[in-house]
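Q: Sequence first, then the predicted structure:
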Amino acid sequence: MHVALPSGLTVSIAAFHCQSSSTFMQERGVLEGSPKGLNRYLLKNAPAAMESLWGKKKTFLVMPDLPIIGGDDPHSAAYRQHLELDLLPPYLLHAWLQQRIGHPGSGTMRELVVTFFRSNSDEKIPAMVRKALIKLDWNALSVLVESDC
């Protein structure tokens, strides 16, 4: 599967994983608590969730879009306060993205794992990934890697 970025570049989805954010926390022994504590735990641990399957990769966590009166800047006090009062969206998604550099037989590529949240999972995977990447600078965040293939 491929995703066209707003910049015009196309990246491949090497792997994709979707899970319930509440299941993610239950699997790690978190059964109850305040939204503040659960959100902090999830935001801290979600980026490393795929290491056991995909190995250690550079990961970028896209902060969730939350309906907030007064703006949606993740660095604002209103956003932080909202995170402490409400649970995060129910779906936690991880996309391992790659962009081949050079000719088709070249082993050089750029890659990045993007972790993001969604309120629903009713869209096709490329559409969900594209929405998560809409404000990201692929060249600044992705890293160059060498591969044997």
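A: Looks like it arrived, so ask away.
Q: for this structure, what spans make up the helices?
A: 21-27, 35-45, 51-54, 77-85, 125-133, 138-141 (DSSP state H).
Q: hang on, isn't residue 7 packed against residue 140?
A: No. The pair residue 7 and residue 140 fails to qualify as a contact (Cβ atoms under 8 Å) at a distance of 11.0 Å. Glycine gets a C-beta too; all of them are placed from N, C-alpha and C.
Q: Same drill for these two, tell me which one is more crowded.
A: Neighbour comparison, residue 7 and residue 140: the larger count goes to residue 7, with 11 against 6 (by other Cβ atoms under 10 Å).
Q: separation between the more buried one and residue 119?
A: Using Cβ to Cβ, to the nearest Å, residue 7 is found at 26 Å from residue 119.
Q: Is it correct that residue 142 is in contact with residue 101?
A: No. In this structure residue 142 lies outside contact range of residue 101 using Cβ under 8 Å: 10.3 Å.
Q: Do you know the pLDDT at residue 26?
A: Residue 26 carries a pLDDT value of 56.
Q: I should have written residue 60 there, sorry.
A: 93.
Q: What about it, how many residues nearby?
A: Residue 60: 16 neighbours (other Cβ under 10 Å).
Q: now do residue 52
A: Residues near residue 52, counting by other Cβ under 10 Å, number 7.
Q: hmm, back to that, please say which of residue 142 and residue 101 ends up with more neighbours.
A: The neighbour comparison of residue 142 against residue 101 (other Cβ under 10 Å) goes to residue 142, with 22 against 12.
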